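**Student:** Mind looking at a prediction? Sequence and model below.
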Amino acid sequence: FNVDTHEYGKFCNLFPYVETDDQLNSINQVIEDMCSFKAMDRVICGDVGFGKTEVILRAAFVAINNNKQVVVIVPTTVLAKQHYDTFSKRFINYDIKIELMTRAISQKEKLGVKNNLLNSETNIVIGTHALLNKEIKYANLGLLIIDEEHKFGVKHKESIKNIKNNIDVLTLTATPIPRTLNTALSEIKDMSIINTPPIGRKNIQTNIINKSENEIREYIDREITRGGQVLYIHNRIETMGDEISYLRAINSNYKIDSVHGRMTTHQIQKVMNSFLSEKINILICTSIIESGLDMANVNTIIINNAQNFGLSQLHQIRGRVGRSARQAYAGIIIGDQKKLTNEGQKRIDAFVNTNSLAGGLDIASHDLEIRGAGELLGEEQSGQIIEIGYGMYTSMLSRAVNQLKNIDDKDDT
């Protein structure tokens with residue numbers, strides 16, 4: 001890629017905030033990768049709200065300015081729509097076509113998007129794994145962006161590999177899965193870290209609480225009294241009605257609604273719009289809300305049966321609150337303590353003791369220690385390597401990588 005410094009500078013000036021040093025470093029590293037002759041494969045690791053989106057906006061601008069198409073793949077329909085709105089707003093003064101590809105659009109619309117991609121009419125397409133359909137062909141794809149990489153399974157990643165051959169790839173995550181973190185630490189992938197929180201952000205006060213009426217009431221009333229809203233995470237759709245009854249028994253005046261993945265896209269959007277317009281005090285939901293949503297007025301979260309969630313998932317869910325300068329709270333309810341496994345206890349301890357601001361990489365490191373590194377080329381994204389020990393494993397891997405790099409350097413000369 002070539003960078004038109006004048007046009008690029010004008011686009012950067014549209015950013016309404018002051019970039020943090022980490023953010024600028026990450027942006028510069030990405031642009032440098034895009035201008036090199038080697039295909040980019042870079043992971044951007046930064047917590048929720050730390051400015052990863054601006055990195056991909058600038059990368060997308062460079063790609064489009066070089067007459068290349070950009071694909072942004074995200075794990076959920078809700079996050080796809082949010083990215084679509086963000087990209088549309090940022091590129092409003094440019095003559096480019098941005099399209100959305102999710103389960104929420106009709107078959108006729110999907111066919112239109114496919115044709116536009118093939119005919120070079122679409123510059124940027126944003127969507128879920130619907131974009132991984134083999135029928136979708138691109139006229140001139142140059143940049144693939146994968147957001148929330150840890151949310152995609154192995155099969156999806158195999159499909160992504162088929163797309164990303166010889167194009168630049170940018171992966172965003174707050175908490176890289178063990179395999180991704182391992183490949184970055186081993187220098188197989190490049191990694192940029194955005195570790196500086198936005199000005200005014202406070203650490204989320206996280207505590208383990210009992211599922212008692214008094215403690216739950218205290219958490220909810222403190223938030224509602226100051227004009228805020230509450231997220232109540234309950235990851236079993238079958239018993240969600242019981243949780244609604246439980247909360248109504250605490251206070252019949254609470255305005256409560258629920259959202260989960262078995263609802264239609266229209267139903268989900270209707271409930272979320274009511275919640276975002278502050279018509280609902282408490283939203284009971286599954287982990288469907290863990291990706292990307294920006295809810296500045298929601299600053300208390302209660303996570304029921306937290307032992308059933310993965311470590312990275314807990315961090316992502318907690319990141320839904322604390323998006324403003326207001327102090328945020330997270331209450332963690334653990335189910336039957338006697339049934340808690342040793343690994344489950346390690347996850348809970350690591351989560352509670354890790355700072356919510358810029359803690360994503362720490363969380364991922366704990367995850368790597370607890371679950372193991374996984375296979376570099378196989379299907380396992382985590383796994384134990386107890387037989388040789390992690391220190392020896394990374395030493396051997398680093399030696400092999402350096403050996404290959406030296407061979408490549410000699411070939412170049």
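**Tutor:** Looks like it arrived, so ask away.

**Student:** ok, then the element right after the helix or strand hosting residue 245?
**Tutor:** Using DSSP states H and E, residue 245 falls within helix 240-250. The helix or strand immediately downstream of helix 240-250 is strand 256-259, counting by DSSP H and E.

**Student:** quick one: strands adjacent to that next one?
**Tutor:** When sheet partners are counted by DSSP bridges, strand 256-259 sits next to strand 282-285 (parallel).

**Student:** Give the pairing partners of the very next helix or strand once past the partner strand; include direction for each.
**Tutor:** Next helix or strand after strand 282-285 toward the C-terminus (DSSP H and E): strand 298-303. Neighbouring strands of strand 298-303 in its sheet, by DSSP bridges, are strand 229-233 (parallel), strand 329-333 (parallel).

**Student:** Show me how far strand 298-303 is from its chain's centre.
**Tutor:** 18 Å (Cα atoms, centre = their mean, to the nearest Å).

**Student:** same deal with stretch 37-49?
**Tutor:** 13 Å.

**Student:** Dump that stretch to CSV, keeping only the CA atoms.
**Tutor:** What follows is stretch 37-49, C-alpha atoms only, in CSV (Å, rounded to 0.1, in the frame of the first residue of the first chain):
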residue,chain,number,x,y,z
PHE,A,37,6.0,-6.0,1.0
LYS,A,38,5.2,-8.7,3.6
ALA,A,39,1.5,-9.5,4.2
MET,A,40,0.4,-8.0,7.6
ASP,A,41,-0.7,-10.4,10.3
ARG,A,42,-1.0,-8.2,13.4
VAL,A,43,-3.0,-8.5,16.6
ILE,A,44,-4.2,-5.3,18.3
CYS,A,45,-4.7,-6.0,22.0
GLY,A,46,-6.6,-3.4,23.9
ASP,A,47,-9.4,-3.3,26.4
VAL,A,48,-13.0,-2.2,25.8
GLY,A,49,-13.1,1.5,24.9
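
**Student:** For it, which residues meet the burial criterion?
**Tutor:** Buried residues in stretch 37-49, counted by 16 or more other Cβ atoms under 10 Å: 40, 41, 42, 43, 44, 45, 46, 47, 48, 49. Bear in mind the C-beta positions are built from the backbone N, C-alpha and C, glycine included.

**Student:** Kindly report the same for stretch 397-406.
**Tutor:** residue 397.

**Student:** how much space between residue 148 and residue 399?
**Tutor:** 33 Å (Cβ to Cβ, to the nearest Å).

**Student:** Repeat that for residue 14.
**Tutor:** 46 Å.

**Student:** wait, residue 101 sits on residue 135?
**Tutor:** No. If you go by Cβ atoms under 8 Å, residue 101 and residue 135 don't touch, sitting 11.6 Å apart.

**Student:** That's all I had, so thanks and see you.
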